[in-house]
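Peer 1: one predicted model, sequence on top.
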Amino acid sequence: MVCRVKSAIFPVAGLGTRFLPVTKSIPKEMISLVDRPLIQHAVEEALAAGIERIVFVTAPGKVTLEAHFQASPELENTLAARGNGAALEVLRATTLPRGAVACVSQPRPLGLGHAVLCARELAGDGPVAVLLPDDVIEAATPCIGQMVEAHAECGGTVLATMRLPRTQISSYGVIDPSDTPAGAEDGRLVAVRGLVEKPAAQDAPSDLAVIGRYILAPSIFGHLARQRPGAGGEIQLTDAIASAAAGGEPVFGFCFEGRRFDCGSRVGFVEATVAFAMQRPEMRDRLGTFLRHEMARLETTVLAAE
């Protein structure tokens, strides 16, 4: 019997240098996508998948993330006194039950694998999910929820994957696929015999890149504890998973259904903001009109310059 996934790790200790100067005082994960910070999108995805325990791996001094999910009695009382029920409901939806959130500090930026290892004592004894808030995935069924369902069938370690052009593959961990396991007739699961972190395009074993959603077998912590620094001089989660696969542990790539936005880049963040805003009925018409006018204005400017 496969154990249920109850805990999720959120590595949020990064400096967010790509988004300076805003990240000088605000954690990157707290930057708002329309009106919800990136971290809230990721936490809500985990909760919708039935995950009960949220573990933040933060940097020293990062307290804003944890505070965002705590109750705010003074603000709640003010909104209630003003009769602003709609805002009060939105505020209360961000409050997680006492004991549902735990934080651990990653004292030095030693890589994603090291961040996951820092959460070892808080993750429990069963399989654990890992969600990278930089990857925002729009899907009818949340991505990590799709993976939890797949994991209930196959067990082991499950990695979210998507096909990318070879010109982009060198920025990702890439799986070396084996055969599709029995019972995966829909082709969404593929057995993994190895992984390579950020290979050159010509050396990549496939075009299946690992995206920021994982379900890890508990044995991963042993592999991480023994793992030597890899690409960039960091402890790479990809390398530890590759060690597990090389040792015969079941590892699967999972081709999720949905649209992924790379909010770790400024242009990806803007794309996500536009896409999510266009889903809001109160914004759609005005924003659509603005975008059409802006494109027409840009085309006129370009033609005039030529």
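Peer 2: Structure received. Keep in mind that what you see is a predicted model, and the values were worked out from it rather than measured.
Peer 1: what's the closest non-adjacent residue to the residue nearest in space to the middle of the chain?
Peer 2: Nearest to the geometric centre of the chain sits L132, at 2.6 Å (CA atoms, centre = their mean). Once flanking residues are discounted, L132 sits nearest to G212: 2.9 Å by CB to CB, 6 or more residues apart in numbering. Placement of C-beta: from N, CA and C, glycine included.
Peer 1: quick one: the one you found is in a strand?
Peer 2: Yes: counting by DSSP: H, G, I helix; E, B strand; the rest coil, G212 is part of a strand.
Peer 1: hmm, D135 and it touching each other?
Peer 2: Yes: look at G212 against D135 with CB atoms under 8 Å: they come within range, at 3.6 Å.
Peer 1: how about S178, what does it touch?
Peer 2: By CB atoms under 8 Å, 6 or more residues apart in numbering, the contact list for S178 reads 190-193.
Peer 1: looking at these, spot the one nearest L291.
Peer 2: Of all those, L291 sits closest to V190, with 37.7 Å by CB to CB.
Peer 1: output the helix or strand bottoming out on mean pLDDT in the chain as PDB, restricted to C-alpha atoms.
Peer 2: Least confident helix or strand, the chain: helix 64-68 with a mean of 80, by mean pLDDT, DSSP states H and E. The C-alpha coordinates for helix 64-68 follow below in PDB (Å, rounded to 0.1, in the frame of the first residue of the first chain):
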ATOM      1  CA  THR A  64       6.900  37.800   6.000                       C
ATOM      2  CA  LEU A  65       5.900  34.500   4.500                       C
ATOM      3  CA  GLU A  66       4.900  32.800   7.700                       C
ATOM      4  CA  ALA A  67       3.100  36.000   8.800                       C
ATOM      5  CA  HIS A  68       1.000  36.000   5.600                       C
END
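Peer 1: who touches it?
Peer 2: So helix 64-68 is contacted by 12, 26-27, 29-30, 37, 39-40, 56, 58, 94, 101, 103 (CB under 8 Å, 6+ apart).
Peer 1: one more time with 7 Å, if that's ok
Peer 2: Residues from elsewhere that reach helix 64-68 (CB atoms under 7 Å, 6 or more residues apart in numbering): 12, 27, 29-30, 37, 39, 56, 58, 94, 101, 103.
Peer 1: where does this structure dip in pLDDT?
Peer 2: Filtered on pLDDT under 70, the chain yields the residue ranges 1-2, 61-62, 179-187, 303, 305-306.
Peer 1: what number of residues lie near the closest residue in space to G126 that isn't next to it in sequence?
Peer 2: The shortest distance from G126 to any non-neighbouring residue, by CB to CB, 6+ apart, is to C3 (4.0 Å). Counted with other CB atoms under 10 Å, residues neighbouring C3 total 14.
Peer 1: figure out the helix or strand that C3 lives in.
Peer 2: When elements are assigned from DSSP states H and E, C3 belongs to no helix and no strand.
Peer 1: wait, isn't it in contact with V128?
Peer 2: No: at 10.2 Å, C3 does not count as touching V128 under the criterion of CB atoms under 7 Å.
Peer 1: quick one on the thing from earlier: just checking, the residue nearest to the centre of the chain touches V210?
Peer 2: No: the pair L132 / V210 is not scored as a contact, 10.3 Å apart, by CB under 7 Å.
Peer 1: shared neighbours of these two, anything?
Peer 2: Counting by CB under 7 Å, 6+ apart, nothing touches both L132 and V210.
Peer 1: phi, psi of C103?
Peer 2: For C103, the backbone dihedrals are phi -130, psi 140 (criterion: degrees, to the nearest 10).
Peer 1: ah, wrong one, I meant V192
Peer 2: Per degrees, to the nearest 10, the backbone of V192 is at phi -110, psi 130.
Peer 1: residues in contact with it?
Peer 2: Contact analysis of V192 by CB under 7 Å, 6+ apart lists 175-178, 245, 251-253.
Peer 1: any idea what it is bridged to?
Peer 2: In this entry, V192 is beta-bridged to P177, by DSSP bridges.
Peer 1: before we move on, what about the one 5 residues further on?
Peer 2: For E197, the residues forming beta bridges with it (DSSP bridges) are G173.
Peer 1: helix, strand, or coil at the residue lying closest to A71 once chain neighbours are set aside?
Peer 2: Nearest residue to A71, sequence neighbours excluded (CB to CB, 6+ apart): T95, at 4.8 Å. When classified by three-state DSSP, T95 comes out as coil.
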